[in-house]
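Novice: Following is a predicted model, sequence given first.
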Amino acid sequence: MLSLKGIPDARRTDAIVVLTGGAGRIPHGLALLEDKAAKRMLISGADPSVRPSELAAAYKVPRRLFTCCIDLGKEAVDTRSNGEETAAWVRSHKYTSVRLVTAEWHMPRARLELTKALGDGVEVIGDPVPSNPAFGMLVREYNKYLVRRAAFLVGYA
């Protein structure tokens with residue numbers, strides 16, 4: 001089991017948000033939740049057809065964890081809509097701190113989108129999952145980040 005002592009920012013948060021789309025993200029979020037790093041978790045961008053019982057079986061965690069503490073966000077289809085979906089969920093629960101779980105190469109843009117969607121008053125702590133992206137993916141992601149950052153700077157978001 002993962003210990004908060006082993007992660008870069010060991011502060012507990014109100015919530016964990018896992019963005020789907022890459023290996024290791026959901027298991028990392030589940031380990032954090034089981035270690036009580038937060039009260040509740042959102043899996044943003046879940047396939048609309050997936051059921052909590054299927055995820056519990058696939059990741060070998062008790063079904064009760066999904067019943068009590070995990071929500072599946074099924075509306076998001078990209079990073080921007082992950083931010084919107086997450087912001088609505090965070091506001092509905094009145095959370096003030098979130099641990100964001102995504103791949104390390106995706107973290108800057110995901111955090112940018114989420115922070116913008118949340119506005120002031122909610123702390124976002126990045127908890128990146130290591131991966132091994134191809135160079136081309138890094139270039140594409142960096143360009144996406146620059147475009148979104150520029151859009152926010154000029155007010156065209």
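Specialist: Good, I have the coordinates. Numbers count the residues shown, from 1 in each chain.

Novice: and the residue nearest the centre of the chain, bridged to which residues?
Specialist: Residue closest to the average C-alpha location in the chain (Cα atoms, centre = their mean): residue 18, at 2.9 Å. Residue 18 has the following beta-bridge partners by DSSP bridges: residue 43, residue 101.

Novice: Isn't it up against residue 28?
Specialist: Yes: the pair residue 18 and residue 28 qualifies as a contact (Cβ atoms under 8 Å) at a distance of 7.4 Å. (C-beta placed from N, C-alpha, C; glycine too.)

Novice: got any residues that touch both of those two?
Specialist: Common contacts of residue 18 and residue 28 (Cβ atoms under 8 Å, 6 or more residues apart in numbering): residue 101.

Novice: where does residue 138 land in three-state SS?
Specialist: Assigned by DSSP: H, G, I helix; E, B strand; the rest coil, the conformation of residue 138 is helix.

Novice: next one: residue 89
Specialist: For residue 89, the assignment made with three-state DSSP gives helix.

Novice: Not counting its neighbours along the chain, what's nearest residue 129?
Specialist: In space, and not counting its chain neighbours, residue 129 is closest to residue 24: 4.5 Å by Cβ to Cβ, 6 or more residues apart in numbering.

Novice: no, scratch that, I was asking about residue 133
Specialist: Taking Cβ to Cβ, 6+ apart as the measure, residue 133 lies nearest to residue 105, with 4.8 Å between them; neighbours along the chain are not counted.

Novice: Count the residues that sit near that neighbour.
Specialist: 22 (other Cβ atoms under 10 Å).

Novice: Could you say which helix or strand holds it?
Specialist: Here residue 105 sits in a region with no helix or strand, counting by DSSP states H and E.

Novice: Likewise for residue 75?
Specialist: Residue 75 belongs to no helix or strand when assigned by DSSP H and E.

Novice: What about it, how many residues nearby?
Specialist: Per other Cβ under 10 Å, the neighbour tally for residue 75 reads 14.

Novice: and the gap between the closest residue to it other than its chain neighbours and residue 149?
Specialist: Nearest in space to residue 75, with sequence neighbours left out and distances taken as Cβ to Cβ, 6+ apart, is residue 85 at 5.1 Å. The span separating residue 85 from residue 149 equals 21 Å under the rule Cβ to Cβ, to the nearest Å.
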